[in-house]
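Q: Next comes the sequence, and after it the predicted model I'd like to discuss.
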Amino acid sequence: MSKEEITIYTDGACSGNPGPGGYGVVLISGRHRKELSQGFRLTTNNRMELLAAIIGLEALKRENLTVRLFTDSQYLVNAVNNRWLFTWESKRFARKKNQDLWIRFLEVYRRHRVSLSWVKGHNNNPENERCDTLAVAASKGPVLLEDEGYQPNNDTEELI
């Protein structure tokens, strides 16, 4: 791993979906390591998966770094690697969930050279397991923030 390369592992957790949730992030650069986590009162698993990646990228102190981001979120990996995200963006995220986070993700994603890789969750990958532990602990922590961008689904038709 070169000095300019950063490895980020991320995970999100949610007890219920929606429910209390959290994210966990592990950043590795050479022999340096940083862990981040935070919990939220009411959110979804996909929001926490996406927010973990955002927080990891936002934590980088310089721009234009080579970043290898590992996540067990197929939602995130497929959206980027299959280029769906860029189509959604061109259509201004019409009818897409988590618009606020996708916009925030794109802003920080474009500051670096990021490759996303999917790792199977709960499969004995030490860094992914650590992120899961951080995310779950944060979701049960004493300080749960409000996920201000979360909008509950309203699948029922309004009658009045």
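A: Received, thanks.

Q: residues contacting the most centrally placed residue in the chain?
A: By CA atoms, centre = their mean, the chain has its centre lying nearest to Leu50, at 2.6 Å. For Leu50, the contacting residues are 12, 73, 75-76, 98, 101-102, 105, by CB atoms under 8 Å, 6 or more residues apart in numbering. Every residue, glycine included, has its C-beta placed from N, CA and C.

Q: Can you classify it by secondary structure?
A: helix (DSSP: H, G, I helix; E, B strand; the rest coil).

Q: That one and Val77, how far apart?
A: 11 Å (CB to CB, to the nearest Å).

Q: Over to Leu106?
A: 15 Å.

Q: If you count surrounding residues, which of the two has more?
A: Legend: neighbour count by other CB atoms under 10 Å for Leu106 and Val77, higher for Val77 (19 against 15).

Q: where does that one land on pLDDT?
A: Looking at Val77, its pLDDT stands at 98.

Q: tell me which element it is part of?
A: Secondary-structure element containing Val77, defined by DSSP states H and E: helix 74-81.

Q: what helices or strands is that helix leaning on?
A: The contact analysis (3 or more CB pairs under 8 Å, 6 or more residues apart in numbering; DSSP states H and E) places helix 74-81 against helix 45-58, helix 84-90, strand 113-118.

Q: Pull up the pairing partners for the shortest one, direction included.
A: Yep, that's strand 113-118 we're talking about. The strands beside strand 113-118 in its sheet (DSSP bridges) come out as strand 66-71 (parallel).
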